[in-house]
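In: let's see this in three dimensions:
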Amino acid sequence: MLHSVWPVEKRPAGLQNKSKFNSMPMEQLLSIAKFDQDNMKSVESDLSASYSRDKKPRSKKFKADKDNGFKKLHPARFERYPLGDIKSWFKKVPRIRSHQFKSLPLQFSGTHNKVTLKTIQAMHDRTKILTFRMFHSGNINVGSKPIQKVEKRDDNGVYSSLDYCWESPSSLSQVSDALLNYSVILLHLWPYDQTGLILQRLINKYNYFSCAATLTERVNLVATFFNTVLRENAARAGRKEVIMSFQEQEDALKNVLTAAGLSNTVPTGRIPRVENVKPRFKPAPSSTFVPNSGAGLANRNKIVLVGGKPICFNFNNGSCRNPGSPVGCKDARNKDFVHQCNKWDATKNAYCLARHPRIKH
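Out: Numbers count the residues shown, from 1 in each chain. Next comes the predicted model:
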């Protein structure tokens with residue numbers, strides 16, 4: 001009866017032993033239970049308790065028992081995340097899972113049929129270098145596609161190897177999905193590794209590299225940053241060192257942006273938009289005009305053609321979300337659009353046509 005209203009884990013440590021508890025008179029137990037309940041209420045109503053100094057938990061001693069990872073689970077498995085500094089204990093995390101189990105229970109989190117078994121198998125070894133495209137959901141059936149020959153270089157020279165024909169993400173939604181896939185697989189195999197959470201926090205902080213001019217460049221920057229972090233963490237795993245911290249990953253992210261010739265400052269505010277007025281276009285020798293087809297551009301009468309291809313208005317507004325192409329982007333109908341500035345320069349009596357968007361003219 002008391003077990004239902006006064007669970008074992010909520011009793012004082014001296015009353016958690018079943019035999020000692022049952023040997024005490026009922027009246028005494030009820031009085032202790034009432035005292036314990038009143039004491040808990042007073043502690044919860046004390047607002048200053050949250051500012052008191054934390055005390056280290058007492059050491060626990062567990063009975064020797066078996067754990068097969070399925071129905072038989074040891075109580076120590078459900079202890080909280082370590083409370084000490086990660087630098088003091090992460091070296092104890094093993095580098096390789098000796099038993100490889102690829103059929104992870106991913107349906108509960110919605111990650112089933114998202115990551116190929118080849119990727120899950122490789123993640124059992126923290127010293128292996130994995131790449132961003134291996135977590136793209138579009139590669140779930142990569143094993144059934146033709147295999148490609150890859151040439152690599154090391155200290156001994158150039159050598160050839162075989163690899164799957166991996167497909168890379170091409171949109172921000174696919175990028176976000178790949179980051180989630182990595183974080184979930186990491187949770188199942190290496191729950192003490194916070195790399196996935198740090199990656200998502202930093203990429204979100206820098207707004208998926210909104211400083212880049214095109215969608216293709218933004219996706220490539222995410223992949224470069226991701227691969228840089230995983231390559232460094234794989235090297236650290238071989239040396240039994242702690243994974244990259246938030247600050248170390250942010251420094252790596254800024255180096256990626258600097259190498260690409262972009263600003264490495266944190267983006268703030270909203271992307272400025274062009275005034276909501278009807279643009280007035282003037283003819284120029286380097287450009288031709290055609291009537292607008294009315295596909296989402298009802299407020300514009302004419303568009304500019306460069307090399308026979310129209311300029312992308314969303315690129316000039318800083319909001320292009322189309323997949324990339326050699327000249328700029330492609331829409332849902334596979335039509336090419338040019339990514340060049342459509343700002344009219346009165347001094348030159350021509351359009352700018354530079355590679356930057358109109359908002360950065």
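
In: what's the pLDDT at residue 93?
Out: At residue 93, the pLDDT value in this model is 95.

In: and the contacts of the helix or strand hosting residue 34?
Out: Per DSSP states H and E: residue 34 is located in helix 26-45. Helix 26-45 is contacted from outside by 2, 5, 6, 11, 12, 15, 21, 49, using C-beta atoms under 8 Å, 6 or more residues apart in numbering. In this view, the C-beta of every residue, glycine as well, is placed from N, C-alpha and C.

In: which single one of the residues you listed is nearest to residue 199?
Out: residue 49 (35.9 Å; C-beta to C-beta).

In: follow-up on the earlier one: buried subset of the contacts of helix 26-45, written for PyMOL?
Out: In PyMOL, this line selects whichever of these come out buried by 16 or more other C-beta atoms under 10 Å:
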select buried, resi 6+11+15+21
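
In: what about the closest residue to residue 101 other than its chain neighbours, neighbour count?
Out: Of all residues not flanking residue 101 in the chain, residue 69 sits nearest, at 7.7 Å (C-beta to C-beta, 6 or more residues apart in numbering). Counted with other C-beta atoms under 10 Å, the neighbours of residue 69 add up to 10.

In: could you dump the contacts of helix 26-45 into a markdown table with pLDDT and secondary structure added?
Out: Converted to a markdown table, the contacts of helix 26-45 look like this (pLDDT from 0 to 100; DSSP: H, G, I helix; E, B strand; the rest coil):
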| residue | pLDDT | secondary structure |
| --- | --- | --- |
| 2 | 75 | helix |
| 5 | 73 | helix |
| 6 | 77 | coil |
| 11 | 80 | coil |
| 12 | 79 | coil |
| 15 | 80 | helix |
| 21 | 85 | helix |
| 49 | 56 | helix |
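
In: save the contacts of helix 26-45 as JSON lines, and put in distance to residue 306 too.
Out: Below are the contacts of helix 26-45 laid out as JSON lines (distance: C-beta to C-beta, whole Å):
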{"residue": "2", "distance to residue 306": "82"}
{"residue": "5", "distance to residue 306": "77"}
{"residue": "6", "distance to residue 306": "78"}
{"residue": "11", "distance to residue 306": "77"}
{"residue": "12", "distance to residue 306": "79"}
{"residue": "15", "distance to residue 306": "81"}
{"residue": "21", "distance to residue 306": "83"}
{"residue": "49", "distance to residue 306": "68"}
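
In: ok, the contacts of helix 26-45 vs residue 219, which is closest?
Out: Proximity of these to residue 219 (C-beta to C-beta) peaks at residue 49, which lies at 48.5 Å.

In: mind listing what's buried in stretch 80-97?
Out: Residues of stretch 80-97 classed as buried by neighbour count (16+ other C-beta under 10 Å): 86, 90, 93.

In: how about stretch 316-324?
Out: Applying 16+ other C-beta under 10 Å to stretch 316-324 flags 316, 318, 320, 322, 323, 324 as buried.

In: and the protein, what are its domains?
Out: 2-40, 102-140+170-259, 288-360 (automatic domain parsing).

In: please identify the most buried of those.
Out: Mean neighbour counts were compared across the domains of the chain using mean count of other C-beta atoms under 10 Å; the top stretch is domain 102-140+170-259, at a mean of 17.

In: span of that domain from start to end?
Out: 37 Å (C-alpha to C-alpha, to the nearest Å).

In: likewise stretch 76-89?
Out: 17 Å.
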